[in-house]
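K.L.:
Sequence unavailable; structure follows:
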């Protein structure tokens, strides 16, 4: 049979449209197999394809792509069209389509949280009928509403609003089959909303009449897929709660929140009208078995779940009374502290889990259900289990220090996996983690609540992922973030950066697998530091302070540009620490002489450089870490590290060339202060051009190489954490791809603002009063009295002096303002929600902070002070929140 594709799209000279699909004739979804279309007229592009009979066996899925003048192929929203092809091959099928851009708001309502839970719908193909089939999407209709169709012909009921054509649900679409007169050349039509209970037209869609002006021959089946009905698309709004799993407290917990506790949280969410639970990453971070592993963003596997979240009670047999009694004793001890004792909890759980594995674990691993789990996850589970075994055997995750298997070889790992039964223990853990998390998520869905996960931007330097595929990472670099108000020296996360060029070779297969793994459990997810998909702050391994980094990829400064700008560039002066007697006196004061003697060398008595044994920040750190040097004052170490950072230009060399990068905040350095005024001005001009102008288009193109493919890997709703130094192209790309932004009141993105107003949020966004990287509302109010006063007067519109503490009514009003925002989601930390009630809030708000980004050694140990059972039984507080949420229209 023949299929004629028509797509409505206005183009300019040098641009073109392409079509691809799931059958052989359309390239089997391979972009390289896409077919070029032909220009038809000002409104349409056209292509006729002869389809083989083999294509008739399955519904036809297809989509279009736009190739711009630069040759870039920009796809429309995928999975938008599904057609059940007629059984007869004699007919011609004509498809008139409307381009569906990935950034259209309505696409969000067909992602997993809406399709599966919030606005349930099923995928089903449109079935072409003889003559004409109309299909349109309308995701936000109310109960007892249907889409109807009217037009200017007898077949379309001549605009008679008392007798429209009622359309039927067919998967995502509303469809109507209309037999037309064969002599008809063109017609006008429009969709509307019909109240099926009261039997009257509620409204027409917005905009002018739609027009079909194509004649059709006998034996032709015409399908008009008109995209979305033209109605307001920003009317659905939801509220959610954010809390790390480890912070949950329940009466049956073991000193930490567990996957099972998500059920109790879902109960409370349902009672309050919250539609979403947002958690932090739950991947395995077990590198040292110490509290340092409490950092949830340092996963040793991007796929494995953390054993600390297993609930033990469900794994213990009722007949094992001795073990049950032991767990009860441990429970009382571990639940007593106000904060998480990470090491004690993990030690207890691993000890019990090994007992359980010895009792019945191997028997379970012979079950059909486990074998299915293993087969589906073998690609990551087998190397992960062997990695954990070797980590425990050699007492380190640093695989370069292992006596065997320092390099990953699939055959050797498979042999070890098969021959060593100890490895099975780690598979046993992952199997039950999988079951418990799946069960908790399914329970939440039944309560009408969706789960939002968090995908870290990095992986642990010595983790399973880097062991298995070191070629995917730049192991000589560290990821981090440039300085900001929260971390004046920048942040160094320690993760290796990604080798994006290598990853692109298989179309980002590792990332797509990572996203697919997330989709097994989560409906939506937050991309941690989405800016890293545009460029990442890269810090050389020999440096320790984040301020010593540069953006990669980026367009560097070639040596000749300095001279073109009139900058008297010298590597010794600009790219090495600027140290002289004046600098030393200002930094070290009375300790200058001792510093010179211990750490520095000079040839002229005025200019200094570091001794070879101290010529990097890493060497400084290592020296102060030695037992014999730990007595030295920490302020000296920090001063020496800052002295290393007293440079203006970072130099990076490779085999092909030398690149230069302006050091961030170079104008704040003592080195800059020592320059002549004219050189300062020229260097500032170069700095501003490098950071705020020359990279924008380049970074946009870099992001569009990655994000569209990764977004298409799953149907999860995606939110990007776009905070910090945000390139101007980031909002544009996120809007273009339909990725929700994050809007935090105390981190406005517009220059010159002290606070962001939730009322100004775009619809495709998440608003929140705080994040896990910030103080809670109450903590901030007490920490920054000056800012709190400004907020009190300008945002609460109240005169006079602000109260010393963020009283419950103030906290409640800030929450209310966020709920009233036009953003799709308002998600608040559970601490901020509880802060709205004097009887529920924690006594000391400074005990509620989860993370301090400026401290790389922070202990992540916050726990709720109330149990989830107590929260569920507090009817007064729950009803207060429910009333606030309902009043906001969420």
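P.N.:
Looks like it came in fine. The structure presented is a predicted model; accordingly, all values stated were derived computationally and were not measured.

K.L.:
Count the residues that sit near the nearest residue to residue 806 once chain neighbours are set aside.
P.N.:
Excluding its sequence neighbours, the residue lying closest to residue 806 (CB to CB, 6 or more residues apart in numbering) is residue 781, at 3.6 Å. No exception for glycine: its C-beta is placed from N, CA and C like everyone else's. Applying other CB atoms under 10 Å, we find 26 other residues in the vicinity of residue 781.

K.L.:
quick check, residue 781 in a helix?
P.N.:
Yes - assessed by DSSP: H, G, I helix; E, B strand; the rest coil, residue 781 belongs to a helix.

K.L.:
Enumerate every residue touching it.
P.N.:
Counting by CB atoms under 8 Å, 6 or more residues apart in numbering, residue 781 touches 788, 805-806, 810.

K.L.:
Buried ones from the residues you listed, can you make that a ChimeraX selection?
P.N.:
Command for ChimeraX that selects the buried part of the contacts of residue 781, burial taken from 16 or more other CB atoms under 10 Å:
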select :788,806,810
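
K.L.:
Going by distance to residue 756, which of the contacts of residue 781 wins?
P.N.:
Distance to residue 756 across the contacts of residue 781 (CB to CB) is lowest for residue 788, with 15.8 Å.

K.L.:
Which of the contacts of residue 781 fall in helices?
P.N.:
Taking DSSP state H as the definition of helices, those contribute 788, 810.

K.L.:
how about the contacts of residue 781 in JSON lines, adding pLDDT?
P.N.:
Below are those laid out as JSON lines (pLDDT from 0 to 100):
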{"residue": "788", "pLDDT": "97"}
{"residue": "805", "pLDDT": "97"}
{"residue": "806", "pLDDT": "97"}
{"residue": "810", "pLDDT": "98"}
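
K.L.:
and which of the contacts of residue 781 is nearest residue 758?
P.N.:
Nearest to residue 758 among the contacts of residue 781, with distances taken as CB to CB, is residue 810, at 15.3 Å.

K.L.:
And the strands in the stretch 301-450 of the chain, which stretches?
P.N.:
450-455 (DSSP state E, counting those that start in this stretch).

K.L.:
For it, which segments count as helices?
P.N.:
Using DSSP state H, counting those that start in this stretch, the helices found in the stretch 301-450 of the chain span residues 321-335, 342-356, 362-364, 368-394, 410-419, 424-446.

K.L.:
Now tell me what touches the third one from outside.
P.N.:
Residues lying outside helix 362-364 but in contact with it, judged by CB under 8 Å, 6+ apart, are 370, 421, 424, 428, 431.

K.L.:
Can you pull the domain assignment for this structure?
P.N.:
When the chain is parsed with automatic domain parsing, its domains come out as 239-468, 551-696, 741-887.

K.L.:
what's near enough to touch residue 637?
P.N.:
620-621, 624.

K.L.:
Compare those and tell me which has the most neighbours.
P.N.:
residue 620 (22 neighbours).

K.L.:
distance of that residue from residue 487?
P.N.:
For residue 620, the distance to residue 487 equals 19 Å [CB to CB, to the nearest Å].

K.L.:
How about residue 776?
P.N.:
Counting by CB to CB, the gap from residue 776 to residue 487 is 19 Å.

K.L.:
Over to residue 365?
P.N.:
Counting by CB to CB, the gap from residue 365 to residue 487 is 45 Å.

K.L.:
Those two - which one has more neighbours?
P.N.:
More neighbours surround residue 487 than the other of residue 365 and residue 487, with 22 against 18 (other CB under 10 Å).

K.L.:
for stretch 199-214, which positions count as buried?
P.N.:
Applying 16+ other CB under 10 Å to stretch 199-214 flags 201, 204-205, 210, 212, 214 as buried.

K.L.:
Dump those residues to a markdown table, plus pLDDT, secondary structure and distance to residue 405.
P.N.:
Converted to a markdown table, the buried residues of stretch 199-214 look like this (pLDDT from 0 to 100; DSSP: H, G, I helix; E, B strand; the rest coil; distance: CB to CB, whole Å):
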| residue | pLDDT | secondary structure | distance to residue 405 |
| --- | --- | --- | --- |
| 201 | 97 | strand | 71 |
| 204 | 98 | strand | 68 |
| 205 | 98 | coil | 63 |
| 210 | 97 | strand | 64 |
| 212 | 90 | strand | 66 |
| 214 | 80 | coil | 65 |
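
K.L.:
Out of the residues you listed, flag the one nearest to residue 178.
P.N.:
The closest of the buried residues of stretch 199-214, once distances to residue 178 are taken by CB to CB, is residue 212, at 10.9 Å.

K.L.:
No more questions from me, cheers.
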